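Asker: No letters, just coordinates:
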Ligand SMILES: O=C(O)c1[nH]c2ccc(F)cc2c1NC(=O)[C@H]1C[C@@H]1c1ccccc1
C-alpha cells in the first residue's frame, strides 16, 4: 500500500496473507469458513506448490493471540484466468479445515448484486504489499481509502485504453494506491467486498494508471459453484 497507514490491529479480521515458505506473496480474504478468495496471477511463479494461508494476523512476524497458519487442501484459479491479461483474475483456496472464527478471524461478505459502484464512492483496501517505490515490505497490515473512478475514465486512451471490462472496476491511483503484494486483497465499500486487487504487474501510485480490481458480483455463481462442488 502506497501513501496509506497502519491499520488498527485486527479490525480487518477477514484479511489473509498467502505465503510460500513463510514469505508473504499476496493478499486474500476469508469468503467462507473454509475458503479464501485471492487473485489467480499470484500462482504464476509457484509451480505446483500450494500456498499456506495466515489468518488472524496484524504483524507478519510477531506472536498474536489468534494468528494461525492454515494448510491449503486445493486451489481453484478461475478457468478464464491467464498470464497475458487481467481477465477472471480470481483464485479460490480451500483450507485443509474450517478456520476457527473469533474476534480476529471473520468472514467478509461479497457483493452479489451486479451493479457498478458509483464513481467517487470512497472504498478501502488493505494489505502487506510494498509501501514505497524502493520496495519496502511492511511487517504490519497497512490500509488506504480510495475513490472509485468510472469505467469510462479508466478506459480512456491515456489510462487503461479500453482494457477494463464490465467485470473490472478502478480506483484513483494518484499517490495513494495498492502495489505489489497487495494483490488478492478485497476492495471494501460500505463493509462489503466489491472487488479483488488484480495481480497483473502494474505501475503503482501514478494517476495515469488507476488501480484495477476484479468485480465480485459477476462471479457469485462461480464462487458458490466451486465452494459447493468441493467437499465440505
Ligand atoms: O502482488 C502482486 O501484484 C503480485 N502479482 C504476482 C504475480 C506472480 C507472482 F509470482 C507474484 C505476484 C505478486 N506478489 C508479489 O510479487 C509479492 C512477492 C512480493 C511482495 C511484495 C510485498 C511484500 C512481500 C512480497
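Answerer: That came through fine. All figures in this text were calculated on a predicted structure; none of them were measured in a lab.
Asker: pLDDT wise, what is whichever residue of the chain sits closest to the ligand at?
Answerer: Distances from the chain to the ligand, computed as CB to the nearest ligand atom, single out residue 181 as the nearest residue at 2.6 Å. (C-beta placed from N, C-alpha, C; glycine too.) Note on residue 181: pLDDT of 98.
Asker: next one: residue 232
Answerer: At residue 232, the model reports a pLDDT of 54.
Asker: which residue ranges form the helices in the protein?
Answerer: For the chain, the helices defined by DSSP state H occupy 151-154, 220-229.
Asker: What parts of the protein come near the ligand?
Answerer: With the criterion set to CB under 6 Å from any ligand atom, the chain comes near the ligand through 24-26, 41-42, 44-45, 128-130, 137, 180-181, 183, 199.
Asker: if you set the cut-off to 8 Å instead, what comes out?
Answerer: Remark: the part of the chain in contact with the ligand comprises 23-27, 39, 41-46, 128-130, 135, 137-138, 179-184, 197-202, using CB under 8 Å from any ligand atom.
Asker: where does this protein dip in pLDDT?
Answerer: In the prediction, the chain carries residues with pLDDT under 70 at positions 232.
Asker: run the last query once more with 80
Answerer: Where the chain drops to pLDDT under 80, the residues are 231-232.
Asker: Nearest to the spatial middle of the protein, which residue is it?
Answerer: Averaging the C-alpha coordinates of the chain gives a centre point, and the residue nearest to it by CA atoms, centre = their mean is residue 185 (1.7 Å).
Asker: Tell me how far that residue lies from residue 9.
Answerer: Using CB to CB, to the nearest Å, residue 185 is found at 17 Å from residue 9.
Asker: This completes my enquiry, with thanks.
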